[in-house]
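Chemist: structure, please.
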Amino acid sequence: MADSNTNNTPLPLPAPPPPQEQVPPLNVDGETKMKFDALGPLVVNSDGTLSRIANWPNMTEIERERTLRVLTARNKIRIADQEAKLNEESTSQA
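Modeler: Okay, here's the model as predicted:
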């Protein structure tokens, strides 16, 4: 199978999404208001890596609110777990 990019030149980036005039703030935990772009909020995975919700642009407002409520609680737990793991590692190395 022949490679169409045989001269090893990098492929161009796709066009950026059109700018949004105003991104509405979302109430995350009853106190903090955050603004998210079209990609949606960050998800803290159990191994500490970050990802995004793939279908965020297709969700309704109600789905987004429910997802944020669950995601906020889960992210807080996972961040605390990662901090505890780091503290444990630093204590055991000392």
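Chemist: could you look up the SS state of R74?
Modeler: Classification of R74 using DSSP: H, G, I helix; E, B strand; the rest coil returns helix.
Chemist: that one: what's it in contact with?
Modeler: By CB atoms under 8 Å, 6 or more residues apart in numbering, the contact list for R74 reads V44. Quick note: C-beta positions are derived from backbone N, CA and C, even for glycine.
Chemist: quick check: pLDDT value at it.
Modeler: Looking at R74, its pLDDT reads 94.
Chemist: quick check: the gap between L86 and S51.
Modeler: As defined by CB to CB, to the nearest Å, L86 lies at a distance of 20 Å from S51.
Chemist: and I79, by the same measure?
Modeler: Separation of I79 from S51 (CB to CB) stands at 14 Å.
Chemist: count the residues that sit near G40.
Modeler: Neighbour count for G40, taken as other CB atoms under 10 Å: 19.
Chemist: my guess is it meets N58, correct?
Modeler: No - the criterion here is CB atoms under 8 Å, and G40 misses it with N58 at 10.3 Å.
Chemist: just to revisit the earlier point, show me which of I79 and S51 is the more surrounded one.
Modeler: Legend: neighbour count by other CB under 10 Å for I79 and S51, higher for I79 (12 against 9).
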